[in-house]
Each structure stands twice: as C-alpha cells, then as structure tokens.
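**Student:** requesting a structural model of the entry that follows:
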Amino acid sequence: MVCKLEKRKEIMKLSNQIAMAKLPTSFTLPTIILKSILFLSLNSLTILLLFAGSAVGTVIFHGFPSSAIDAFIISIVFAFSGALSALLVPQRHKLARFCALYSLASLASALLLLIWGLYHTLILGKAQSAL
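**Tutor:** Below you'll find the predicted structure:
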C-alpha cells in the first residue's frame, strides 16, 4: 500500500516536471525590473499622498486640464498593480507576462505625462515669461 502511494507521488512529480519542461519560453520581465516598478510606483503614490496631489497638480501640470493629473495617478496605480500581480503569479504563466507588460506600459505613460508636464511648465513657461 505504501509502495503504491510512493510510486504515484513519483509519477505525479515526473509528470509535473515534464509539463513544465514543455511550456514555451516566452518573454517575461526579470524580477528586478518588476520590483523596481513596484518600488517607484509605491514611492510616487506616497509622495502624491503626502502633498495631497494638489501641489503636484499646480506645480507640474500648471495650465493643463485636471484630467492630466488624474491620468498620471491612474497610470501609477496601474503600474503598481501590474507589477504586484506579475510578481505574485508564477513566472511562466501568460497572466504574469500580461501583467508585467501592462505594468511597464503604465509606468512609461506615467513618465511620459510627467516629462510632458515638466517640459510645458519649466521650459515653455520660462520662454513665455522671457517674452
């Protein structure tokens, strides 16, 4: 009886190893990149909460509609949730790859919005005040 149980466990272990070996190797972001995205987005959200969002909205996104700061915050939240989900799901799963990619895309859009706001506020704002 014990011998049959041990054989079943060995067979299950071997079948799991074979199933994992047959999975195609697909693109997955390294864990260090996902942890960096998680760290950056969590710190950005903490800073936004400390300044209550209004200071960031008036300084960086001055002259923009209020939806610009909302899009910035939503992008950061999506980057955080995507990185956390990708870290919690096993690496070879398709969901982990999807979460990692939308986390990366959300962080890129948040950085793009930040650079766009800083460019218009600092560079173009100084050029307009000099005229």
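
**Student:** where in the protein is pLDDT low?
**Tutor:** Counting by pLDDT under 70, the chain shows low-confidence ranges at 1-5, 7-8, 11-12, 14-29, 52-57, 126-131.

**Student:** try 50 this time
**Tutor:** 22-26 (pLDDT under 50).

**Student:** what packs against the helix ranked longest in it?
**Tutor:** Once the chain is assigned using DSSP state H, the helix that runs over the most residues is helix 94-118. When contacts are defined as 3 or more CB pairs under 8 Å, 6 or more residues apart in numbering; DSSP states H and E, helix 94-118 sits against helix 31-50, helix 66-88. Glycine gets a C-beta too; all of them are placed from N, C-alpha and C.

**Student:** and Ala105, which of those is closest to it?
**Tutor:** Comparing the helices and strands packed on helix 94-118 by their distance to Ala105 (CB to CB), the top pick is helix 66-88, with 8.3 Å.

**Student:** contacts for the closest one next, please.
**Tutor:** Under the contact criterion CB atoms under 8 Å, 6 or more residues apart in numbering, helix 66-88 has outside partners 29, 31, 34-35, 37-38, 40-42, 44-45, 48, 53, 56-57, 61, 95-97, 99-104, 106-107, 109-110, 113-114, 117.

**Student:** report the buried members of the residues you listed.
**Tutor:** Burial of these was assessed by neighbour count (16 or more other CB atoms under 10 Å); the buried members are 29, 34, 37-38, 40-41, 44, 48, 56-57, 61, 96-97, 99-100, 102-104, 106-107, 109-110, 113-114, 117.
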